[in-house]
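Enquirer: show me the folded form of this:
(2 chains)
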Amino acid sequence: MADLGNTVVWTDEGKCPMEMTHSSKIPEILKTHEAELLSEWNQELVATNTRKGLIKEAELQVECREFLKLLRIAAQSGNLSNIQASEWREVREMLTSISRSRSHKGFTPTETATFIFSFKRPLFDRLRQLLHDPTEIGDEIWQATDLLDRLGLMAVEAYQKSREEVILRQQEEMMELSTPVVKLWDGILALPIIGTLDSARTQVVMESLLQKIVETGSEVAIIDITGVPTVDTLTAQHLLKTVTAARLMGADCIISGIRPQIAQTIVYLGIDLTDVTTKATLADAFLMALKRKGTTITRK
Amino acid sequence: MERIPILQMGEFLLVTIQVDMHDRLAMTLQDDLTNRISQTSANGVLIDISALDIVDSFIGRILGNIAKISQVMDAETVVVGMQPAVAITLVELGMSLTGIRTALNVEKGMALLQATVGSSANAQFTATEWDLEDDAED
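Expert: From the prediction side, this is the model:
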């Protein structure tokens, strides 16, 4: 080791003091060798691209050119360690949109990240050719790796975020679709519940049922839980809340479709359903509702 | 001072809440209604809250109290036209207003009142008859 004055000390930002004193060569290289880097990167991408059906080569080239241009502009600022800074905004936006389109096209996260990581080889080759001092090469390669890793991770993050958005949207749609309120007869509504009843769904179910009761002026509402896989204390509480709210508005609720196992569970859990009318099947509940309205059905 | 009108329809009293209920108004309504029931010896009270959009726990409690007071004074009470949002709020507040009759609208509430008052009169009648028979047997 040399004397103490030359010892490399890492600061909080993870920056080496060396790069503060004399700036990196990377911005310079990006500027002067843009065309060569682009063509090499393109070759690299085409070689590793196993999903030719998903993206056209021309499209890939346009993306590369655009990205490299933005990268060059951002790198001119001299800031290579913090990609959250304002000068990297355009690069971030471009990368996010690329990741988003990759996720929609059906690329895997690895393939999305490879778009960034495949730029390493052309850049490192260039650094090796142009620089001669081994320490300098080491420093520059470290900086380049650091930068490209951050960009790659950001691409994966954006990819994952767009996937999560899809899941969230589907959840919302499912929630809307899964709670239809059906009018069975004049003054009789049915609400077949399919799937687990959680708090968010109960809210939607309750609101749509009560709204429909007002709209149609129905006196009887049948809640059919044939499609509810399990009933726990929370689910039962939600059901009771719905029944009570309907009663406050002046409508009667009948709960139907309680399967044998669920009936046993309800009793073992000690849930009190004495205030609620329950029927085994929707047909029974419907007959009872008709009777309550003073209507009878006869075979012709 | 602002008051909620109480209308008499035959043997029933009709209260229609058309304005936002505030605490003082609710208390006044409770007093007025109790007095009117004793004056008119009404058999039934119908409270229409279809125009009521917002309730808090106090108004919910007063509504429950009014209904119970009326029942103590031997007048059947029916609360009609509760909005979904109001119903959800009351349930979330833990006020299920048990023991209070409800109906979807004034028309159905009136029919319910008539049926209840009529049937309770009939029940009394049959009960008396039963008692008489019992007495006779004894």
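Enquirer: could you break chain A into its assigned domains?
Expert: A:17-171, A:182-292 (automatic domain parsing).
Enquirer: Throw the ones you listed into CSV and include mean pLDDT, mean neighbour count and distance to B:Val78, thanks.
Expert: Backbone N, C-alpha and C define where each C-beta goes, glycine included. Listed next are the domains of chain A as CSV, based on pLDDT from 0 to 100; neighbours: other Cβ atoms under 10 Å in any protein chain shown; distance: least, Cβ to Cβ, whole Å:
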stretch, mean pLDDT, mean neighbour count, distance to B:Val78
domain A:17-171, 85, 16, 41
domain A:182-292, 88, 18, 8
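Enquirer: quick one, which of these is nearest to B:Ile4?
Expert: Among those, the nearest to B:Ile4 by Cβ to Cβ is domain A:182-292 (20.3 Å).
Enquirer: ok so, going back, need the domains of chain A in TSV with distance to A:Lys300, can you?
Expert: Listed next are those as TSV, based on distance: least, Cβ to Cβ, whole Å:
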stretch	distance to A:Lys300
domain A:17-171	46
domain A:182-292	17
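Enquirer: need those in a markdown table with distance to chain B, can you?
Expert: Below are the domains of chain A laid out as a markdown table (distance: least, Cβ to the nearest Cβ, whole Å):
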| stretch | distance to chain B |
| --- | --- |
| domain A:17-171 | 22 |
| domain A:182-292 | 3 |
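Enquirer: now the residue nearest the centre of chain B: how far from B:Leu97?
Expert: Residue closest to the mean C-alpha point of chain B, counted by Cα atoms, centre = their mean, is B:Thr77 at 2.1 Å. Distance of B:Thr77 to B:Leu97, computed by Cβ to Cβ, to the nearest Å: 10 Å.
Enquirer: okay, and the common contacts of these two?
Expert: Listed as contacting both B:Thr77 and B:Leu97 by Cβ atoms under 8 Å, 6 or more residues apart in numbering or on different chains are B:Ala67.
Enquirer: and the helices in the stretch 151-300 of chain A?
Expert: Remark: helices assigned in the stretch 151-300 of chain A by DSSP state H, counting those that start in this stretch are A:199-216, A:233-249, A:260-269, A:282-293.
Enquirer: A:Thr108 is nearest to which of these?
Expert: helix A:199-216 (31.3 Å).
Enquirer: run through the neighbouring helices and strands of that closest one.
Expert: helix A:134-177, strand A:188-194, strand A:220-227, helix A:233-249, helix B:84-92 (3 or more Cβ pairs under 8 Å, 6 or more residues apart in numbering or on different chains; DSSP states H and E).
Enquirer: so can I have JSON lines of those showing distance to B:Gln114?
Expert: Below are these laid out as JSON lines (distance: least, Cβ to Cβ, whole Å):
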{"stretch": "helix A:134-177", "distance to B:Gln114": "41"}
{"stretch": "strand A:188-194", "distance to B:Gln114": "23"}
{"stretch": "strand A:220-227", "distance to B:Gln114": "20"}
{"stretch": "helix A:233-249", "distance to B:Gln114": "20"}
{"stretch": "helix B:84-92", "distance to B:Gln114": "24"}
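Enquirer: wait, which of the ones you listed is closest to B:Glu2?
Expert: helix B:84-92 (20.8 Å).
Enquirer: now the next helix or strand after that closest one: mean pLDDT?
Expert: Per DSSP states H and E, the first helix or strand lying C-terminal to helix B:84-92 is strand B:101-103. Throughout strand B:101-103, pLDDT has a mean value of 90.
Enquirer: strands paired with strand B:101-103, and their directions?
Expert: Next to strand B:101-103 in the sheet, as set by DSSP bridges, lie strand B:76-80 (parallel).
Enquirer: by how many degrees do the partner strand and helix A:233-249 diverge?
Expert: Angle of strand B:76-80 versus helix A:233-249, following axes from the mean of the first three to the mean of the last three Cα atoms, to 10 degrees, is 110 degrees.
Enquirer: my guess is A:Leu127 contacts A:Ser24. True?
Expert: No: look at A:Leu127 against A:Ser24 with Cβ atoms under 8 Å: they stay out of range, at 10.1 Å.
Enquirer: now do the shared contacts for those two.
Expert: By Cβ under 8 Å, 6+ apart, A:Leu127 and A:Ser24 have these common neighbours: A:Glu140.
Enquirer: leaving aside the residues adjacent along the chain, what's closest to the residue in chain B that chain A sits nearest to?
Expert: Nearest residue of chain B to chain A, counting by Cβ to the nearest Cβ: B:Pro84, 3.4 Å away. In space, and not counting its chain neighbours, B:Pro84 is closest to A:Leu210: 3.4 Å by Cβ to Cβ, 6 or more residues apart in numbering or on different chains.
Enquirer: contacts only, for that neighbour.
Expert: Per Cβ under 8 Å, 6+ apart, neighbours of A:Leu210: A:Ala245, A:Ala246, A:Met249, B:Pro84, B:Ala87, B:Ile88.
Enquirer: output these in TSV; the columns should cover distance to A:Ala155.
Expert: Output for those, formatted as TSV (distance: Cβ to Cβ, whole Å):
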residue	distance to A:Ala155
A:Ala245	48
A:Ala246	51
A:Met249	53
B:Pro84	46
B:Ala87	50
B:Ile88	45
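Enquirer: I'm done for today, thanks for sticking with me.
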